[in-house]
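Colleague: Sequence first, then the predicted structure:
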Amino acid sequence: MITFADPVIRATMPLQMLLRSFFIATISSKKYLLIPSLNLLSFFAKPGRSYLFNVDRNPVLHGVLKKTFYNQFCAGESKQETKACCKSLTDLGFKGVILTYAKEMVFDHSTAKPSLHADEAAKSETSSARDSVIEEWRVGTLATVDMIDKGDILALKTTGGGPAVGEAFHRGELPPQQMMDALDEIATKCKQRGIQIIIDAESQYFQKGIARTSLELMRKFNREPKVVIYNTYQAYLKNQPKYLQHHLAEAEKDGFTLGLKLVRGAYMLSDDRSLIHDTKEQTDAAYNGIVEGALHQKLWDFGTSRPFPALNLFLASHNKESLITAQRLHAQREKDGLPTVPIGFAQLHGMSDEVGFSLLKERGADGKAPDVFKCSTWGSMGECVAYLLRRAVENRDAVLRTQDEFNALKKEVWRRMGFGRA
C-alpha cells in the first residue's frame, strides 16, 4: 500500500498540506475529538444562526474553520482561490479536477425539514415571474465552468436552485422551466468546451426528481461515445438497482450513452435509514457487483437476454480495494480483446490521497495510467458547511482508513522533522 511516507507522495505533497492533513486525520481517527467536532459542524450548518455562531459573519469562527476543515476539503471562496487550488491538484499528477458550486438544500429526515438559508426562502416567495434563487445558482454555476479547463468535470448540486426546484424534485417532477433552461445552457457550454458534467446525488427527499432530470439531460446530450452528462447512483440504497435498470433500459431504447457515476453514498446522517442497506458489507457487495457487471457488459439481463447499452463508468470511492480491482479488470479485458466500457476514477479533495496515487501507479493495456480526478467544492463558508459536515461523517464511518491515514501522516511528519528515517 502506498502511504504518505512513500517517496512519490513525499516529493509532491507540500508541507502546509501535509500538516493540515495530519491535523484533520488526528481529529478523524480519535473518537473523543471527532464526535465534538461533528456536533459543532452540525450546529453551524443550521440556518439562521446569530452573529456569534454565523460562519460567514463572525471573523474569528470563519478564520478557524477556513484554516482547518475548509482548506482541507474545499477549493476556495473566490475565483482566484479556487483556480489556484485546482492547479495545485493537477500539479500533483491527477488527470483533472471535478468542481462543484456548494449551494444546495439538504433534507433532514429526523426533523422532516429541508435546510436552506432563510434569505433564500424569502427570495423564492417573491411574486417575480423569474425565480431569483435559480438565477443566482445559474450565475454561480456558470462561474464554476469558467474556473476549470478542457478535460475537467463540472459537478452539479441541482437543489441549489432553491425551494421551487426542491419541491418539484420531491414530487418526482422536472424542475421549473427556468431551471431546465439553465441546465441546458450550462450543458451546452460545457459540451462546447470539452467539459463533462456530473449530476450529484442528494438527499433522498429530492432524488426521484433529480434522477428524472438527469435522464432527460443524458437523453439529449449523450449522443456520442464520450458522454457529456453522468448521473450519480448510490450503492448504499436498497432501491438503486431499480433506478439503474430503468436508466439502462432507456439508454438501450433511445440509443444514448448512459453516464454511470457510482458512489457508495454520503447522506447517512440525514436520509431515512430504512432506505439504506443494513450493513456495510451489503453496500460493498452492491457497489462491487455493479462495477463488475458494467466492466463485463453484463448487468442483470442487459448483455445476456437483451443488448447492453453504450455506457461510460465513473467510480468515485475511497475504497482502495474496489478501485484497484476495477482498474485491473478493465485493463485485463482490454488486453484480452474482450468487451468492456470506458472507466474513470475520483476521490474527494482532502481525503484518501494514497488511493489516488495508488491508481496513478497502475497501467492500462495501452501502458498509460488511468484517468484519476480530485473532486472539490467551492463557495462561501456558509454554503460549504453542510458539505464539510458530510466529509466529517464520512471519516467517522471509515475508522480503519482514517487510522491508517493518521499513522502514515504521522510517520511522514516525523520524517520531515528529522525524527524518523525515509
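Modeller: Ah, there it is.

Colleague: Would you state the helices of the stretch 101-250 of the chain in chain order?
Modeller: Ranges of helices in the stretch 101-250 of the chain, per DSSP state H, counting those that start in this stretch, are 118-124, 132-145, 163-170, 177-193, 204-221, 240-254.

Colleague: tilt between the second one and helix 163-170?
Modeller: To tie it back to what came earlier, the one meant is helix 132-145. Angle, helix 132-145 to helix 163-170, by axes from the mean of the first three to the mean of the last three C-alpha atoms, to 10 degrees: 90 degrees.

Colleague: just the longest one next, same as before
Modeller: Relative orientation of helix 204-221 versus helix 163-170 (the same axes, to 10 degrees): 90 degrees.

Colleague: chain center to helix 204-221, what's the gap?
Modeller: How far helix 204-221 lies from its chain's middle: 16 Å, per C-alpha atoms, centre = their mean, to the nearest Å.

Colleague: packing partners for that helix?
Modeller: In this structure, helix 204-221 makes packing contacts with strand 106-108, helix 163-170, helix 177-193, strand 196-199, strand 229-234, helix 240-254, judged by 3 or more C-beta pairs under 8 Å, 6 or more residues apart in numbering; DSSP states H and E. Heads up, the C-betas are built off the backbone N, CA and C, glycines and all.

Colleague: Show me what the second one is packed against.
Modeller: It stands for helix 163-170. Applying 3+ C-beta pairs under 8 Å, 6+ apart, we find helix 163-170 packed against helix 118-124, helix 132-145, helix 204-221.

Colleague: and those helices, which is most packed in?
Modeller: helix 204-221 (a mean of 22; mean count of other C-beta atoms under 10 Å).

Colleague: Run the angle between that helix and helix 240-254 for me.
Modeller: Using the same axes, to 10 degrees, the inter-axis angle of helix 204-221 relative to helix 240-254 is 20 degrees.

Colleague: Which residue ranges make up each domain of the protein?
Modeller: 1-75+384-422, 78-378 (automatic domain parsing).

Colleague: where are the low-confidence patches of this structure?
Modeller: Low-confidence segments of the chain (pLDDT under 70): 1-14, 27-54, 56, 106-128, 225, 391-405, 419-422.

Colleague: where along it do the strands fall?
Modeller: For the chain, the strands defined by DSSP state E cover 74-76, 96-101, 106-108, 113-115, 153-156, 196-199, 229-234, 258-263, 311-316, 343-348, 372-378.

Colleague: Same list, those strands, but as JSON lines with mean neighbour count and distance to residue 88 please.
Modeller: Converted to JSON lines, the strands of the chain look like this (neighbours: other C-beta atoms under 10 Å; distance: least, C-beta to C-beta, whole Å):
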{"stretch": "strand 74-76", "mean neighbour count": "27", "distance to residue 88": "9"}
{"stretch": "strand 96-101", "mean neighbour count": "26", "distance to residue 88": "10"}
{"stretch": "strand 106-108", "mean neighbour count": "22", "distance to residue 88": "28"}
{"stretch": "strand 113-115", "mean neighbour count": "16", "distance to residue 88": "31"}
{"stretch": "strand 153-156", "mean neighbour count": "24", "distance to residue 88": "17"}
{"stretch": "strand 196-199", "mean neighbour count": "25", "distance to residue 88": "21"}
{"stretch": "strand 229-234", "mean neighbour count": "25", "distance to residue 88": "25"}
{"stretch": "strand 258-263", "mean neighbour count": "25", "distance to residue 88": "24"}
{"stretch": "strand 311-316", "mean neighbour count": "22", "distance to residue 88": "20"}
{"stretch": "strand 343-348", "mean neighbour count": "24", "distance to residue 88": "15"}
{"stretch": "strand 372-378", "mean neighbour count": "24", "distance to residue 88": "10"}
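
Colleague: As a markdown table, these with distance to residue 290 would be great.
Modeller: Shown next, in a markdown table, are these (distance: least, C-beta to C-beta, whole Å):
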| stretch | distance to residue 290 |
| --- | --- |
| strand 74-76 | 29 |
| strand 96-101 | 20 |
| strand 106-108 | 25 |
| strand 113-115 | 29 |
| strand 153-156 | 20 |
| strand 196-199 | 17 |
| strand 229-234 | 7 |
| strand 258-263 | 6 |
| strand 311-316 | 9 |
| strand 343-348 | 12 |
| strand 372-378 | 20 |
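
Colleague: re the thing from before, take the helices and strands packed on helix 163-170 and lay them out in CSV including distance to residue 243.
Modeller: Output for these, formatted as CSV (distance: least, C-beta to C-beta, whole Å):
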stretch, distance to residue 243
helix 118-124, 28
helix 132-145, 24
helix 204-221, 6
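
Colleague: re earlier: what's the closest of the helices and strands packed on helix 204-221 to residue 80?
Modeller: Among those, the nearest to residue 80 by C-beta to C-beta is helix 177-193 (20.3 Å).

Colleague: That closest one packs against which elements?
Modeller: Helix 177-193 makes packing contacts with helix 132-145, strand 153-156, strand 196-199, helix 204-221 when contacts are defined by 3+ C-beta pairs under 8 Å, 6+ apart.

Colleague: and the angle from that helix to helix 163-170?
Modeller: Angle of helix 177-193 versus helix 163-170, following the same axes, to 10 degrees, is 90 degrees.
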